[in-house]
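**Q** next comes the sequence, and after it the predicted model I'd like to discuss.
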Amino acid sequence: MKFGAIGALGLTAALSLAAVPTHAAPDFSGTYWATSYSAKIPVVGGGEPPLNDKGRALYQQNTAGLKDGSLIDKARRVCTPDGVPRLLATPYPFEIFHAPAGQVTIVYEMNHQTRTIAMDKPLPTPESIITEPLYNGHSVARWEGDTLVVQSIGFNDRTFLDATGLPHSDEMMTTERIKRLGDQLEDVVTIHDPQLYARDWQARFVYKLRNDVRLEDYACNDAHRDLSGVAGVRR
C-alpha cells in the first residue's frame, strides 16, 4: 500500500506530534526556606517512628549519651553532614538548581552541604557502593508527572534521623516525593530500614519559595542569620 503526498505528510506530522512530550517537567529551581522547625522528625499521621526492639534500644542509648555528653552530635559540633532525612529539617535556606544537564543539585546553607542527584539513572546496588557509603547517600531521581521522586541508598550509619538522636542503619533506603504547591515546596520522605524499624514510615517537610534570600556563610558554633521567622527554633 502506498501513501499519497497528503497521506505521507499527515503521517509525518502525527509521528512528530507523538514525539513531543505532552507534559514538560516542572522547574523547581530557586531558594526555599522552612517556616517551622522541630527537633523531632515530623511523622506523617502523628505519633512516634515505629522502632523495633533493636531500634528502640539504640534510640534510648543515643538520647542518654546526648544528654550526659558521652555521645557527640558531630553534625552540630564539627559540621559533618546531617544525612537524609535530618537534612530536610534544616531551619536555614537552601537552593535548588536543575544543573548540570541530567542532574538536580541542592545547596544547603547549613554546613555548606551539597546533594547531587542524578536524573533517570538506575539506583546503585549495595554491592556497587559498599566501599563508599556517604552521609547523604547516593541519590537518583525521575519525574512522575509533576512530582520529583528521589531514591537514596548507600548511607553510612554515623548520622541521626533527627536532632533527638533517632537512629538508622547502613541498610536504610529513602524515597522522597517532592512537588510544588503554589509558592511552597513539599517533600514527603519514606524511610525503609527493617534493621531498626517495624515497618516503612513517612515524614513531611514544607518550605516556602524565597527568591529574595541569598545563601550566606555558615560555620559551626558561630552566630548566623536571624532565624526568628522560623517557628520552633531555639537559640
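**A** The structure has been received and is ready for your questions.
**Q** tell me which stretches of this protein form strands.
**A** 30-34, 94-97, 103-108, 114-119, 138-144, 147-153, 173-181, 184-192, 201-209 (DSSP state E).
**Q** and stretch 107-126, how far out from the chain middle?
**A** Relative to its parent chain, stretch 107-126 has a centroid offset of 8 Å by C-alpha atoms, centre = their mean, to the nearest Å.
**Q** grab the nearest non-local neighbour of E144.
**A** R177 (7.9 Å; C-beta to C-beta, 6 or more residues apart in numbering). All C-beta atoms are positioned from the backbone trio N, CA, C, and that covers glycine.
**Q** okay, and the beta partners of the one you found?
**A** Assessed by DSSP bridges, R177 has beta-bridge partners V149, V188.
**Q** and it, how many neighbours?
**A** Per other C-beta atoms under 10 Å, the neighbour tally for R177 reads 16.
**Q** so who does it touch?
**A** Taking C-beta atoms under 8 Å, 6 or more residues apart in numbering, we find R177 in contact with E144, T147, L148, V149, D187, V188, V189, T190.
**Q** out of those, who's nearest T35?
**A** Among the contacts of R177, D187 lies closest to T35 (C-beta to C-beta), at 13.9 Å.
**Q** circling back: which one of the strands of the chain lies closest to R234?
**A** Taking C-beta to C-beta, strand 30-34 is the member of the strands of the chain nearest to R234, at 14.8 Å.
**Q** residues in contact with the closest one?
**A** Here strand 30-34 makes contact (C-beta under 8 Å, 6+ apart) with 89-96, 185, 205-211, 213-215, 230.
**Q** what do you get if the cut-off is 7 Å, keeping everything else the same?
**A** Residues from elsewhere that reach strand 30-34, judged by C-beta atoms under 7 Å, 6 or more residues apart in numbering: 90-91, 93-96, 185, 205, 207-211, 213, 230.
**Q** check stretch 62-69 too.
**A** L71, D73, F160, T164, G165, P167.
**Q** and for the first one, the neighbour number?
**A** When neighbours are counted by other C-beta under 10 Å, L71 registers 15.
**Q** quick one: the residue lying closest to M119 once chain neighbours are set aside from Q151, how far?
**A** In space, and not counting its chain neighbours, M119 is closest to G102: 5.1 Å by C-beta to C-beta, 6+ apart. Going from G102 to Q151 by C-beta to C-beta, to the nearest Å gives 16 Å.
**Q** give me the more crowded residue out of the two.
**A** The residue with more neighbours, out of G102 and Q151, is Q151; 19 against 10, by other C-beta under 10 Å.
**Q** wouldn't the more buried one be in contact with T175 here?
**A** Yes: in this structure, Q151 is within contact of T175 by C-beta atoms under 7 Å, at 5.1 Å.
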